[in-house]
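Engineer: Quick one: sequence and predicted model below, then my questions.
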Amino acid sequence: MRFLPAPILTSLFTLLPLMAVAQQKTANYDEAAIVPYTLPELLKTQDGQSVKTAADWTNIRRSEVLGLFEKFVFGKTPQNWGKVRFETLSVQNNALEGKAIRKIVRVTLPDHPQWAGLELMLHLPKAATRPVPCFVGVSFGGNEAVSADTDIPLSTRWMRASKTNGVVDNRATEQSRGNEKERWQLELAMARGFAVATYYYGDVEPDRNDGWKDGLRAVLSKDGASTEWQDGDWGAIAAWAWGLSRVVDYLETDSAVDAGKLAVIGHSRLGKTSLWAGAQDKRFGMVVSNNSGEGGAAIMRRNFGETTAVITKAFPHWFTKTYSNYANNEAACPVDSHMLIALAAPRAIYIASAEEDRWADPKGEFLSGLHAQSVFDLFGKKGYGVHEQPPVNTPVGDVVGYHIRTGIHDVTRYDWEQYIAFASRHFGL
Ligand code: GTR
């Protein structure tokens, strides 16, 4: 490859965010301009049979739908990771000013020592007298970003810099501490009797177009990833989701956690990740999608806000290659996001939007839960209980929950309040 002279490179980097803003500005935000569409049928098998019962769904259609998402959207997760090893690196009995016990556990693959592993951080409510339910999610920053406790080791992995995260030369610094703590609401979770387990997504793969070369996808590939990813191969979202399932492998061994009560949670690109993790791994008894948008809960055929064309161009590494075939060609895609939501059934799922987050298409996020209802019906489960998107800050739903809160693309205390209330109800607390 020819190297671009430094001034051109610099101007490219200054232009990229501007280009993203320009794209957001020119996107369609007019409901009236949405081209009418037909969603792929949920309750019809590939060979045209009607899916009439919960058993039909569970035994036939569910695996078909899962297979379609593997083939056309996220790619197939390889099964060759072998054994999983856990090593407790530290236990802090006075985390969060004495409110929590914090464990940091390294998860590695003995058969694949080239992968440095992930460091999961588990906060347990100190006041707990029995095994507790647990939220499980991936973080954008390292463990040091999730909590401001100064004894958490700084991540040494590649990290994307933003104006506020203290990342210098793509590495965390002391200034990175706590910069995601509003998004994690650990104190609130502890006070309500929930544990929270998280790991940094860059431990599995750095979030850049060529990140696969330095991540788990290269390690698990047949040829050590000397070649580019092909149609049907897993993308980064699938790799991050794989990490969530390895966290569950650990939680199943920790007697402080009730592994029958796990909720997978994620925001934005990591909300797409939590949906895919929850779809594949039924050990998650509940799924939370926070502002997951395009490639997550939002109906792709609406082309409202971010589109398939935009996301597959900006973030090709998130998906399997095949997905980009549906850019400006959504009608041909064998799936849409209502099918991703249905994969959670009959487990509980909560979808959340933010009013000012039009890029993520709040209405499209709502509609995926609505159009998944037919599958929940097979199990006799009540979903939203409404047909219209509710007003802001008015949560709805039974087994399928939804709210749109005021504000921007983010995870807030309000969001966590709803997830905790929803989880408490579903886990019978
Ligand atoms: C945006 C992307 C969205 C969403 C978001 C995020 O740039 O267009 O799909 O995932 O990033 O992860 O914050």
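Structural biologist: Received the coordinates, thanks. Numbering: from 1, shown residues only.
Engineer: Please read off the pLDDT at the closest residue in space to Ser368 that isn't next to it in sequence from the model.
Structural biologist: For Ser368, ignoring the flanking residues on the chain, the nearest one in space by CB to CB, 6 or more residues apart in numbering is Ser337 at 4.1 Å. Any C-beta I mention is one placed from the backbone N, CA and C, and that applies to glycine too. pLDDT recorded at Ser337 is 98.
Engineer: can you tell me which residues contact Ser337?
Structural biologist: Gly296, Ala297, Ala298, Ile299, Met300, Gly364, Ser368 (CB atoms under 8 Å, 6 or more residues apart in numbering).
Engineer: Within range of the ligand, give me the residues from the stretch 251-400 of the chain.
Structural biologist: Ser268, Arg269, Gly293, Glu294, Glu306, Ile311 (CB under 6 Å from any ligand atom).
Engineer: tell me the helices in the stretch 151-300 of the chain, going along the chain?
Structural biologist: With DSSP state H, counting those that start in this stretch as the criterion, the stretch 151-300 of the chain has helices at 181-184, 186-191, 216-220, 236-251, 269-280.
Engineer: mean pLDDT for those: which is lowest?
Structural biologist: Of all those, the minimum mean pLDDT falls on helix 216-220 (a mean of 95).
Engineer: most surrounded residue in the residues of the stretch 251-400 of the chain next to the ligand?
Structural biologist: Glu294 (28 neighbours; other CB atoms under 10 Å).
Engineer: Can you tell me how far that one is from Asp398?
Structural biologist: For Glu294, the distance to Asp398 equals 27 Å [CB to CB, to the nearest Å].
Engineer: What are the neighbouring residues in contact with Tyr326?
Structural biologist: By CB under 8 Å, 6+ apart, the neighbours of Tyr326 are Phe72, Met300, Thr308, Thr312, Ala332, Cys333.
Engineer: Next, give phi and psi for the residue nearest to Ser368.
Structural biologist: When read as degrees, to the nearest 10, the backbone of Ser337 gives phi -70, psi -20.
Engineer: ok, now how distant is the spatially closest residue to Lys99 that is not a sequence neighbour from Trp158?
Structural biologist: Counting by CB to CB, 6+ apart, Lys99 lies nearest to Met190, which is 4.9 Å off, once chain neighbours are set aside. Met190 sits at a distance of 31 Å from Trp158 (criterion: CB to CB).
Engineer: Looking at these two, which one has more neighbours?
Structural biologist: In terms of neighbours (other CB under 10 Å), Met190 is the more surrounded of Met190 and Trp158; the figures are 23 against 18.
Engineer: Now rank the contacts of Tyr326 by neighbours and give me the top one.
Structural biologist: Counting by other CB under 10 Å, top hit in the contacts of Tyr326: Met300 with 27 neighbours.
Engineer: residue contacts, the closest residue to Glu205 other than its chain neighbours?
Structural biologist: Using CB to CB, 6+ apart and skipping the chain neighbours, the partner closest in space to Glu205 is Gly215 (3.0 Å). Counting by CB under 8 Å, 6+ apart, Gly215 touches Val204, Glu205, Pro206, Ala236, Ala239.
Engineer: Could you give the number of residues near the third one?
Structural biologist: Read it as Pro206. Neighbours of Pro206 using other CB under 10 Å come to 21.
Engineer: Ok, the second one next?
Structural biologist: Residue neighbour count, defined by other CB under 10 Å, stands at 27 for Glu205.
Engineer: all numbers from here: first residue = 24
Structural biologist: Sure, I'll start counting at 24 from here, so that last one is Glu228.
Engineer: Surely it touches Gly258?
Structural biologist: No. Judged on CB atoms under 8 Å, Glu228 makes no contact with Gly258 at a distance of 9.4 Å.
Engineer: Low-confidence ranges, the stretch 274-423 of the chain, go.
Structural biologist: For the stretch 274-423 of the chain, not a single residue meets the criterion pLDDT under 70.
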